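Colleague: predicted structure and sequence below. I'll ask about it afterward.
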Amino acid sequence: MNPTAFGFASLAIAAANAGVFFGRMRRVALPQNRLAHELAWGLALALGAAALASGVGWLGGVPAALGAFLGGFMLLLRLGSAQSPNTPAVKLGGPILDFSAPDQDGAPFRLASLAGKPFLLKFFRGHW
């Protein structure tokens, strides 16, 4: 495989992985184990670096640099992340945790007061 192909492969892998990763992030569906994404970022970095080290021309060098940059940047972000996978406090379909808060009139409201009754609980984010 020639260095120009390595450069284009690096960019293609980085772009495809970014599309899948950020699509999953937008849907809040990232897997707990992100090893496959990390391996793809590493492969994009390695292919881009190999193409650049072989003295590829500008036609393969530009995609190689972009692929290597994206792969390396995402790996650095992941390695520098202090997030650890946590078990959610509330699972979809599970019981909701009791809380108290002021209602729309400022009177105290407690979720436990609705026990045994059907209800729809909606949270609105204010934009004021």
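Modeller: Yes, it's here.
Colleague: could you use CA atoms for every contact and neighbour count after this?
Modeller: OK.
Colleague: just the helices in this protein please.
Modeller: 3-26, 35-53, 58-80 (DSSP state H).
Colleague: quick one: which of the ones you listed is nearest residue 92?
Modeller: Evaluated over the helices of the chain, closeness to residue 92 peaks at helix 3-26, with 17.8 Å, by Cα to Cα.
Colleague: okay, angle between that closest one and helix 58-80 too, please.
Modeller: Using axes from the mean of the first three to the mean of the last three Cα atoms, to 10 degrees, one finds that helix 3-26 and helix 58-80 are set 40 degrees apart in direction.
Colleague: which residues does helix 3-26 contact?
Modeller: Outside helix 3-26, the residues that touch it by Cα atoms under 8 Å, 6 or more residues apart in numbering are 30, 37, 40-41, 43-48, 50-52, 54-57, 59-68, 70-71.
Colleague: try stretch 101-120
Modeller: So stretch 101-120 is contacted by 98, 99, 100 (Cα under 8 Å, 6+ apart).
Colleague: how about the contacts made by the second one?
Modeller: Under the criterion of Cα under 8 Å, 6+ apart, the neighbours of residue 99 are 110, 111, 112.
Colleague: show me those residues that map onto strands.
Modeller: residue 110 (DSSP state E).
Colleague: can I get the contacts of residue 99 in TSV including distance to residue 88 and neighbour count?
Modeller: Below are those laid out as TSV (distance: Cα to Cα, whole Å; neighbours: other Cα atoms under 10 Å):
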residue	distance to residue 88	neighbour count
110	22	12
111	19	13
112	21	12
